[in-house]
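Q: requesting a structural model of the entry that follows:
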Amino acid sequence: MAKHETRYVCQQCGYTSLKWLGRCPGCGSWDSLVEELAVPEDRHRPSYLRTPEKAVPKTISQVDKVRISRLTTGIREFDRVLGGGIVPGSLILLGGAPGIGKSTITLDVSMKAAGRGLPVLYVSGEESEAQTAMRAERLGKASDQLKVMTATELGTILVEARQLKPKLLVIDSIQTMYNSELETAAGSVGQVRECTAKLLNFAKETGIAVIIIGHVTKEGNIAGPRLLEHMVDVVLQFEGDRSFTYRVLRALKNRFGSTSECGIFSMEAEGLKEVDNPSGLFLEPRENAVPGSAITATMEGNRPILTEIQALVSHTPFGMPRRTAVGLDYNRVNMLLAVLEKRMGMNFGDQDAYACAVGGVRVSEPAADLAIVAALISSYRNRAVPMGVLCLGEVGLTGELRRVGLTERRISEARQLGFRRFIVPRGSFSGSRKKPAGVVEVGSVEQAVSALFEGA
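A: Purely as a prediction, here's the structure:
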């Protein structure tokens, strides 16, 4: 059978060329021509007969009669992020920075699923079979239901998968796979797109769930065309700082569940371990309160996680004071410093200000504004925020305190960890909701500061 012809199509204007060009003659954009397959059209058959698909329209009630049961892997955090398990016939894309643990978590998922009696085929294009087996020994005992192979030609992989008929197929990684019908090297835009399209068709035809690992660029985006994320059913992002042990698994896209869930893992010597109760994960026990520290509750998906915000304000002999933010938005910290200068009359013009979120966690939501302000004022005045106080609220430019979402859930989680006093924005419990004990509602930064250091 003759190979299909290839052509190069501009991703900006659609210009077609038989050879690759660095600059598109149609629109003038650089490096926009991508290799594609030119499938010949059968002109001897009517247009309505050219598709081999046997698609029959059905009503919703007829479709509902076919119930699909999810495949549970045995890793609760992983299953919860997916919405309860892996949907058969789905295509899942897992991305993350190099060395973050993508191969480790997929191999662990494969071993746990095989241990539950599900046949799994793990294909690695980056490691030999012996290297994969060495990594599997570190994670635990592998079941005979798990089959591993080293291959990079997609046609060979799909032939083996059709013979073995596994419930789960893992591809590590999509950038190492290549389609022999294309002349370009593995990892090119055309190869990544064509290989993903073939895996998508394979998953839908056979009902086999497919997990593919994708590399990321230096900007943090998944390498390859943006179309890749639109083609798959689920996009998972594995995040974390390699300097710390904790990893966060997020669902950026999920056709079968919520994207507000996240899974917390800890990188141990035996591999990734799931963290069941991450609420107080980033809190260190202290006997006495210290200046420059405040506690807030941030949301990771639907989970409240208590986070310690630390600040250090010190006099500088230089004319230009230094501002540093670690784990926090640098511009937001500068904005809060300006609010304190304008509304509270504090002079930070000759003070260096350092603020960080302890434990390597990254805080981006505005609910941590009040905790940042409390930590800055505590260090500036050298007065400690009392123990057992939780700060919640967004600080506006006019000095008012604005409400945040899921306040009750944050307070309930903090109360279980021993917190008894909660500084929240005014109106957080308006209407029929009853204000819990220990909650102090304030409307401005001045009122919040008075409530924070009351009795200190």
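Q: excluding its backbone neighbours, what's nearest residue 404?
A: In this structure, residue 404 finds its nearest non-sequential neighbour in residue 367, 4.0 Å apart by C-beta to C-beta, 6 or more residues apart in numbering. Backbone N, C-alpha and C define where each C-beta goes, glycine included.
Q: SS state for the one you found?
A: What DSSP: H, G, I helix; E, B strand; the rest coil gives for residue 367 is helix.
Q: ok, how many other residues are close to it?
A: 26 (other C-beta atoms under 10 Å).
Q: you'd agree it is up against residue 394?
A: Yes: using C-beta atoms under 8 Å, residue 367 is in contact with residue 394, at 6.3 Å.
Q: following the one helix or strand residue 212 maps to, which helix or strand comes up?
A: Element membership for residue 212, per DSSP states H and E: strand 209-214. As assigned by DSSP H and E, the chain's next helix or strand after strand 209-214 is helix 227-231.
Q: give the buried residues for that following helix.
A: Neighbour-count burial for helix 227-231, counted by 16 or more other C-beta atoms under 10 Å, picks out 228-229.
Q: roughly how far is it from the heart of the chain?
A: Distance of helix 227-231 from its chain centroid, counting by C-alpha atoms, centre = their mean, to the nearest Å, is 16 Å.
Q: so which residues make contact with that helix?
A: 91, 93, 192-193, 196-197, 200, 214, 222, 235, 252-253 (C-beta atoms under 8 Å, 6 or more residues apart in numbering).
Q: quick one: end-to-end distance for stretch 165-178.
A: 22 Å (C-alpha to C-alpha, to the nearest Å).
Q: which residues does the closest residue to residue 248 other than its chain neighbours contact?
A: Distance criterion C-beta to C-beta, 6+ apart; nearest residue to residue 248, sequence neighbours excluded, is residue 239 at 4.8 Å. Going by C-beta under 8 Å, 6+ apart, residue 239 touches 96-97, 100, 247-250.
Q: so which of those residues is the most crowded?
A: Ranking the contacts of residue 239 using other C-beta under 10 Å puts residue 249 first, with 27 neighbours.
Q: so that one versus residue 271, what's the distance?
A: 14 Å (C-beta to C-beta, to the nearest Å).
Q: kindly report the same for residue 99.
A: 14 Å.
Q: just the strands in the stretch 301-450 of the chain please.
A: 303-315, 323-326, 351-357, 389-391, 394-395, 401-402, 421-425, 439-442 (DSSP state E, counting those that start in this stretch).
Q: possible to save those strands as a markdown table with distance to residue 343 and mean neighbour count?
A: Converted to a markdown table, those look like this (distance: least, C-beta to C-beta, whole Å; neighbours: other C-beta atoms under 10 Å):
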| stretch | distance to residue 343 | mean neighbour count |
| --- | --- | --- |
| strand 303-315 | 17 | 20 |
| strand 323-326 | 18 | 16 |
| strand 351-357 | 16 | 21 |
| strand 389-391 | 17 | 25 |
| strand 394-395 | 9 | 20 |
| strand 401-402 | 11 | 22 |
| strand 421-425 | 15 | 24 |
| strand 439-442 | 13 | 18 |
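Q: which stretch among the ones you listed comes nearest residue 332?
A: strand 323-326 (7.9 Å; C-beta to C-beta).
Q: report the buried residues of the helix or strand hosting residue 156.
A: Per DSSP H and E: residue 156 is located in helix 154-164. Burial within helix 154-164, assessed by neighbour count using 16+ other C-beta under 10 Å, is assigned to 154, 157-158, 160-161.
Q: contacts only, for the closest residue to residue 414 other than its chain neighbours.
A: Leaving out its chain neighbours, the residue that sits closest to residue 414 by C-beta to C-beta, 6+ apart is residue 390, at 4.7 Å. The contact partners of residue 390, taken as C-beta under 8 Å, 6+ apart, are 295-297, 306, 410-411, 414, 419, 421-423.
Q: three-state assignment of residue 63?
A: Going by three-state DSSP: residue 63 is helix.
Q: and it, how many residues sit next to it?
A: So residue 63, with other C-beta under 10 Å, has 8 neighbours.
Q: all the helices of the stretch 51-200 of the chain, residue numbers only.
A: 60-64, 76-82, 102-115, 129-139, 154-164, 189-206 (DSSP state H, counting those that start in this stretch).
Q: what's the least confident stretch among those?
A: Of all the helices of the stretch 51-200 of the chain, the minimum mean pLDDT falls on helix 60-64 (a mean of 74).
Q: could you export the lowest-mean-pLDDT helix or strand in the chain as CSV, CA atoms only?
A: Sorting the helices and strands of the chain by mean pLDDT, DSSP states H and E puts helix 60-64 at the bottom, at a mean of 74. Provided in CSV are the C-alpha atoms of helix 60-64 (Å, rounded to 0.1, in the frame of the first residue of the first chain):
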residue,chain,number,x,y,z
ILE,A,60,-31.1,10.8,25.2
SER,A,61,-33.2,8.1,26.9
GLN,A,62,-31.8,5.4,24.5
VAL,A,63,-28.2,6.6,25.2
ASP,A,64,-28.8,6.5,29.0
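Q: elements contacting that helix?
A: Packing contacts for helix 60-64, counted by 3 or more C-beta pairs under 8 Å, 6 or more residues apart in numbering; DSSP states H and E, involve no helix or strand.
Q: how about residue 119, phi and psi?
A: phi -70, psi 130 (degrees, to the nearest 10).
Q: next, count neighbours for it.
A: 18.
Q: same thing with residue 67?
A: Residues near residue 67, counting by other C-beta under 10 Å: 5.
Q: and what of residue 364?
A: 12.
Q: measure it to residue 306 for me?
A: 16 Å.
Q: over to residue 181?
A: Distance from residue 181 to residue 306, by C-beta to C-beta: 54 Å.
Q: same deal with residue 440?
A: Residue 440 is 18 Å from residue 306, by C-beta to C-beta.
Q: which SS class is residue 242?
A: Residue 242 is classified as coil under three-state DSSP.
Q: what's the pLDDT at it?
A: pLDDT, residue 242: 70.
Q: now it. Nearest residue, chain neighbours left out?
A: Using C-beta to C-beta, 6+ apart, the closest residue to residue 242 is residue 99 (5.7 Å).
Q: wait, isn't that neighbour in contact with residue 238?
A: No: when contacts are counted by C-beta under 8 Å, residue 99 is not listed as touching residue 238 (10.7 Å).
Q: more neighbours: these two, which one.
A: Per other C-beta under 10 Å, whichever of residue 99 and residue 238 has more neighbours is residue 238, with 23 against 9.
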